[in-house]
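1. 3D, please:
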Amino acid sequence: MEFKQLLNNTVSNLFLIVWPPWGEEKESDIDISFGFVFKDERSKLYVIGVNKDELWAPHIFHQSLPENIYGWEDFHNRMNLWMNSGEDTDLIMNTEYYNVSQWDLFDKIVESEIIRIELIWIEGYDEPFGVKIHFKNDYIISTPISDGNTVETSRFNQNANIELFEKLGKIEYKTIE
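-> Model prediction:
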């Protein structure tokens, strides 16, 4: 699947997809991606993240909707629980899915159309390291971190991860057409 195929699709449900941050010390270290369910394809979850084989290039794939879904109200408590769990935890490590469609932080994305997509590059590199998905009144940025992927919007997870990549060179945004 290519990012171009996401253009002009309207998001009906939005998910945060998290690999449990067992033992992580900072929220910025949480491996987190976004997943979209589109109005015209309600049975598929389109996941935006990093290529797990190389931990660099942005990646998109789709899957069936998950069976076990948490709500946004569970997100912070579960992240704290994972981050503060010791070795004797009875928690089971598995990808967690959070439907965040009803929360104000994401209301400018849900029911909105993807109007532009930009790949994020470091000048002189052969492939992009991130992607920025634009909506009329918000955006999603997805970039790699040491343990996987991180995301941000105008009102969520503002960790300035792109600034870390500026140390490697000039950042460029290339629109997908």
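
2. use CA for all of it now, contacts and neighbours both
-> Fine.

3. any idea which element the residue nearest the centre of the chain lies in?
-> Centroid check for the chain by CA atoms, centre = their mean gives residue 33 as the closest residue, at 2.6 Å. Here residue 33, judged by DSSP states H and E, is contained in strand 31-38.

4. Which positions within that strand qualify as buried?
-> Buried residues in strand 31-38, counted by 16 or more other CA atoms under 10 Å: 31, 32, 33, 34, 35, 36, 37, 38.

5. wait, which of those residues is closest to residue 58?
-> Closest approach between the buried residues of strand 31-38 and residue 58, by CA to CA: residue 33, at 10.7 Å.

6. My guess is that closest one contacts residue 20. True?
-> No. Counting by CA atoms under 8 Å, residue 33 does not reach residue 20; the two are 12.0 Å apart.

7. Start from the N-terminal end of this protein and give the strands.
-> Taking DSSP state E, the strands of the chain run over residues 11-19, 31-38, 41-50, 58-64, 70-71, 96-99, 116-122, 130-134, 139-145, 148-152, 171-175.

8. any chance of the buried residues of strand 31-38 in TSV, plus distance to residue 53 and pLDDT?
-> Listed next are the buried residues of strand 31-38 as TSV, based on distance: CA to CA, whole Å; pLDDT from 0 to 100:
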residue	distance to residue 53	pLDDT
31	14	93
32	16	95
33	16	96
34	18	96
35	19	97
36	22	97
37	25	98
38	27	98
